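Colleague: Quick one, structure for this:
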Amino acid sequence: MPVYSMTGYASVQHGAPASEAEGTGRHAAARRLGLEIRAVNSRFLDLAFRLPDELRQFEPALRERLTARLKRGKIELRVALEQDSGTLPEPSVRLLQRLNSLQDTVRAWLPSAAPLSVADALRLGASEQAPEGDWAEALLPLADRAIAALLSARQREGERLASMLQDRVAQLRALARQATPLVPQLVEQQRQRFMERWREAMALAEGATLPEAAQDRALSEATAFAIRIDVAEEITRLDSHLDEIDRLLAKGGEAGKRLDFLIQELHREANTLGSKSAALELTRISVDMKVLIEQMREQVQNIE
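Modeller: Here you go, the predicted structure:
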């Protein structure tokens, strides 16, 4: 399965051609049904609908379609009925008669009221809605098209995010390989320092033999130091987490929450490695790891 981003956008339209209204001798203006879906990241699936009043009855069916295809994200579905900009609506005779009658009534009570203009009549004529059934068969298939387009957009973005994460995983593995041989070198260097300090403390002449007790103490101190700075366990766990991230990205599907947990674990191991650092080079590696992990955290927030 592919990896899906929670971010995406899709917009589709369905046009209804102008047709002659039966028995009226007029032409109904062409109208368009527009549907768009916007999606951003969220911990859960959060749906919001913006529907015209005459299409409000379809909200349960639209909700069912979205929940069947999407698992996480803040989703806004907006539907609009738009008049074709190239067509002027022609008010019906019945509407014009009604407007004239209402105008006479209003002006009888309010003589100073301004009369209706042609623009007013056209605007009110445009408010005549087509029967709800005209869009019933178009809306749900249109929603299916929009959801499919949204999934395609989220898949493309998900592929980009997965590629970025895989690149960061490879860089983290390279840093771990750099850190692994540093610890034995540091232990040996520290052992030599301990031995030199004990020689100086015992004020021994060059070439003299170090007392056995002092030598054992120096070796014990070196051993304790080696245990304190040993990061082999952190490197092993870090490699294990990186293997799991690779597995989840290859598997796809709903990987976002699991990836987010693994990023937290990576950050913990990088912190521990930094706290055990006894050399500038290990500190640098720890800082570089944290930078890469933070970049991964930001992107994982967008994965479904």
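Colleague: in the stretch 51-200 of the chain, which spans are strands?
Modeller: Assigned by DSSP state E, counting those that start in this stretch, the stretch 51-200 of the chain shows strands spanning 73-83.
Colleague: Residue ranges in it under the pLDDT threshold?
Modeller: Confidence mapping of the stretch 51-200 of the chain against pLDDT under 70 gives the ranges 83-89, 126-134, 136, 183, 187-191, 195, 197-200.
Colleague: Buried residues of whichever strand or helix holds residue 296, list them for me.
Modeller: Assigned by DSSP states H and E, residue 296 belongs to helix 280-300. In terms of neighbour count (16 or more other C-beta atoms under 10 Å), helix 280-300 has its buried residues at 282, 285, 286, 288, 289, 290, 292, 293, 296, 299, 300. In this view, the C-beta of every residue, glycine as well, is placed from N, C-alpha and C.
Colleague: Stretch 168-184 too?
Modeller: For stretch 168-184, burial by neighbour count (16+ other C-beta under 10 Å) applies to 168, 169, 172, 175, 176, 179, 182, 183.
Colleague: from these, which ones fall inside helices?
Modeller: Counting by DSSP state H, the members of those that fall within helices are 168, 169, 172, 175, 176, 179, 182, 183.
Colleague: what about the closest residue to the second one other than its chain neighbours, how many neighbours?
Modeller: The reference is to residue 169. Nearest non-adjacent residue to residue 169, counting by C-beta to C-beta, 6 or more residues apart in numbering: residue 242, 5.1 Å away. Neighbour count of residue 242, defined by other C-beta atoms under 10 Å: 18.
Colleague: ok, residue 242 - contacts?
Modeller: Under the criterion of C-beta atoms under 8 Å, 6 or more residues apart in numbering, the neighbours of residue 242 are 169, 172, 173, 266.
Colleague: again, but for residue 78
Modeller: Contacts for residue 78 (C-beta under 8 Å, 6+ apart) come out as 35, 36, 37, 38, 49, 50, 51.
Colleague: give me that answer again for 6 Å
Modeller: 36, 50 (C-beta atoms under 6 Å, 6 or more residues apart in numbering).
Colleague: Beta-bridge partners for it, please?
Modeller: residue 36, residue 50 (DSSP bridges).
Colleague: separation between it and residue 272?
Modeller: 48 Å (C-beta to C-beta, to the nearest Å).
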